[in-house]
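> okay, sequence plus prediction incoming.
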Amino acid sequence: MPGTGTSIADAEVMSEWLAALENTGFATWLRESGSIWAYPTVLTLHTAGMVMLVGMNWTLDLRILGVAPGVPLRSLDTLFRAMWIGFWINFVTGVMLFAADATTKGSTSLFMLKLGLVVLAVLASVLMRRSINRPEAPSRSIPVGARVYASVSLALWVAAIAAGRMMAYV
Amino acid sequence: MNEFVLFVRSTALSEWVRTAPWTWPALEIVHFVGMCLLLGVIGLLDVRLLGFLRSIEVSSLRKLLPFGLLGFLFSLISGVLFFVGAPDQYVRNPAFFAKVVFLLLAGLNAAYFETHSGERAIVTGHIEEAPTSFKVAGAISLFSWLMVLYWGRMLPFIGNAF
């Protein structure tokens, strides 16, 4: 099959790169020091970031789906900002946790699935925000598209959490 | 192991949680989904009670509370099942003790707020400055729930490991 040789070479380069990442001083400290400030603290920050990211996203989804209609649409931008703070906390702590375990996580399809689900969930929320922020959108009613994106992001986060939890078992 | 632990472990429910292949991971998913829903709603309300996000009326935000309660039930039921499945992992674990203390604090604070100030929150519109009682309730709630999260996460790292 054409290209197979190249992809094997690519895979080798990739696994060497992952091993190098896993053997950096920081990744080794995170994994092996046994300090409460290493793995346990980064994992806790990753959980708190998830609560901010997913929790805020779900409250936004619920608002768009018609729960709490008294919450003004203009005020939602602040909630989107809080959601993004959670996202970046988890981006940084996620990279750290990945580095500590790079060879295992880098070759797990469940991890790739989790990343894919997170990307799609965030994308759905970005599209949801755009569809309610369009200048031509009526200020009172919520476009059908926004409701669809809200439902999709709500469901995708459940799937992303499930994939993340299952990583500890597979 | 004491008699209480042995008794809980001897129940059919405990056996099911421990031995059915997907119960523990499935319960963890439910526990985490519930946590995000609960802390998303409660955290937002707490931040509002502290005096931020004044463009949102407290009474409007309270419409989200049933969903926060739903999240709490998800986490509570799955949490109780964890305990029933492996009580020996929890009874002597100081992290579990701390988690339960902060859960009780969060619950008592919410009960006090609902019975003493919650009614006022319904009639309070765009208030210029949040009353001190709101700020105290919001601060206690936010801190307690973060501590519940923290000590829950510490369960496998402090005391007897999983």
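Now that the structure is in, tell me what you want to look at. Computed from a prediction, not measured in an experiment: that's the story for all the values here.

> within the helices and strands, which one has residue 37?
Since no chain was named, I'll use chain A. Using DSSP states H and E, A:Trp37 sits in no helix or strand.

> look at chain B instead
Using DSSP H and E, B:Leu37 falls within helix B:23-49.

> what's the answer for A:Ala9, then?
Going by DSSP H and E, A:Ala9 is in helix A:4-22.

> same thing with A:Asn90?
With DSSP H and E as the criterion, A:Asn90 is inside helix A:76-100.

> quick one: is that helix near chain B?
Yes. Helix A:76-100 comes into contact with chain B (C-beta under 8 Å from any C-beta of the partner chain), by way of A:78-79. C-beta coordinates here come from the backbone N, C-alpha and C atoms, glycine included.

> ignoring the adjacent residues along the chain, who's closest to A:Leu76?
A:Leu60 (6.1 Å; C-beta to C-beta, 6 or more residues apart in numbering or on different chains).

> let me see the mean pLDDT of the helix or strand hosting that neighbour.
Applying DSSP H and E as the criterion places A:Leu60 in helix A:39-64. The average pLDDT for helix A:39-64 rounds to 97.

> any weak-confidence spans in chain A?
Where chain A drops to pLDDT under 70, the residues are A:1-6, A:135-140.

> find the centremost residue of it, please.
In chain A, the centroid-proximal residue (C-alpha atoms, centre = their mean) is A:Val118; its distance is 3.8 Å.

> summarise which helices and strands the one helix or strand that residue maps to is packed against.
Using DSSP H and E, A:Val118 sits within helix A:109-133. The contact analysis (3 or more C-beta pairs under 8 Å, 6 or more residues apart in numbering or on different chains; DSSP states H and E) places helix A:109-133 against helix A:39-64, helix A:76-100, helix A:144-166.

> hmm, who's touching the second one?
Meaning helix A:76-100. The contact list for helix A:76-100 (C-beta atoms under 8 Å, 6 or more residues apart in numbering or on different chains) reads A:21-22, A:24, A:26-27, A:30-31, A:39, A:42-43, A:45-46, A:48-57, A:59-60, A:63, A:105-106, A:122, A:125, A:129, A:132, B:44, B:53.

> also stretch A:17-27?
Here stretch A:17-27 has contacts from A:28, A:31, A:96, A:99-103, A:106-107, using C-beta under 8 Å, 6+ apart.

> ok, now stretch B:82-99?
Contacts of stretch B:82-99 (C-beta under 8 Å, 6+ apart): B:1-2, B:4-5, B:8-9, B:11, B:13-14, B:16-18, B:23-24, B:27, B:31, B:147-148, B:151-152, B:154-155, B:157-160, B:162.

> repeat the analysis, applying 7 Å as the threshold.
B:1, B:5, B:8-9, B:11, B:13-14, B:17-18, B:24, B:27, B:148, B:151-152, B:154-155, B:158-160, B:162 (C-beta atoms under 7 Å, 6 or more residues apart in numbering or on different chains).

> likewise for stretch B:13-32?
Stretch B:13-32 has contacts (C-beta under 7 Å, 6+ apart) with A:161-162, A:165-166, A:169, B:8, B:74-75, B:78-79, B:81-82, B:84-86.

> helices - which of the residues you listed land there?
A:161-162, A:165-166, B:8, B:74-75, B:78-79, B:81-82, B:84-85 (DSSP state H).

> which one of those sits closest to A:Glu16?
A:Met166 (27.7 Å; C-beta to C-beta).

> grab the nearest non-local neighbour of the residue of chain B found nearest chain A.
Closest to chain A within chain B is B:Gly40: 2.2 Å, counting by C-beta to the nearest C-beta. Using C-beta to C-beta, 6+ apart and skipping the chain neighbours, the partner closest in space to B:Gly40 is A:Gly55 (2.2 Å).

> against A:Gly145, how distant is the one you found?
24 Å (C-beta to C-beta, to the nearest Å).

> of those two, who's got more company?
A:Gly55 (26 against 15; other C-beta atoms under 10 Å in any protein chain shown).

> tell me where the model's unsure across chain B.
Within chain B, the stretches with pLDDT under 70 are B:1, B:118-129, B:159-162.

> near chain A, which residues of it are found?
B:25, B:28-29, B:32-33, B:35-37, B:39-41, B:43-44, B:53, B:55-57, B:59-61, B:63-64, B:67, B:149-150, B:153-154, B:157 (C-beta under 7 Å from any C-beta of the partner chain).
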